[in-house]
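Participant: What follows is a predicted protein model with its sequence.
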Amino acid sequence: MQPLALLSYENLLTGNQLVNKLIELGYRTAAVPDLDRLAEQAAKEKPLLCLVEVASQAKKVADAVRRLRADPRTSHVPVLAYGKLGPAQADREAAEAVRAAGAHLLAAETGILAQLPQLLEQVLHVE
């Protein structure tokens, strides 16, 4: 049985490329079009991890990650967040909000496809 990765993204090109790369790596994937339902969908589908894009809805992403962490059924699910991590104040604030909400790892969108195997290994590392 293949592990499941839940994905929430705005940028269709990057999102579809991530789906294809995850499938190449042996994952099943499922989209989460409504961030308000991330924790609920994770509780129901029991994914190995969640990938979320931090874009124009950074506050909504942070809230979704916070609800995922707060739910005892999903608090263990690792979250790999990615997005533009430029020097702009808005980018820094968005990244910090998602990190503070409980994302396990935050990656730059520009390198996520090339580095996905290593990022997955890092986010799934069990101590």
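Facilitator: Great, that's in hand. It should be emphasised that the depicted structure is a prediction, and the values quoted were computed from it without experimental measurement.
Participant: quick one: the residue most central in space within the chain from Ala88, how far?
Facilitator: Closest residue to the average C-alpha location of the chain: Leu51 at 2.0 Å, with Cα atoms, centre = their mean. According to Cβ to Cβ, to the nearest Å, Leu51 stands 23 Å off from Ala88. The C-beta positions use only the backbone N, C-alpha and C, and glycine is treated the same way.
Participant: what about the helices in the protein?
Facilitator: 12-24, 38-45, 58-70, 89-101, 112-124 (DSSP state H).
Participant: Tell me which of those sits nearest to Gly83.
Facilitator: Comparison of the helices of the chain against Gly83 by Cβ to Cβ identifies helix 89-101 as nearest, at 6.7 Å.
Participant: Now do that closest one: which elements does it pack against?
Facilitator: strand 49-54, helix 58-70, strand 79-83, strand 105-108 (3 or more Cβ pairs under 8 Å, 6 or more residues apart in numbering; DSSP states H and E).
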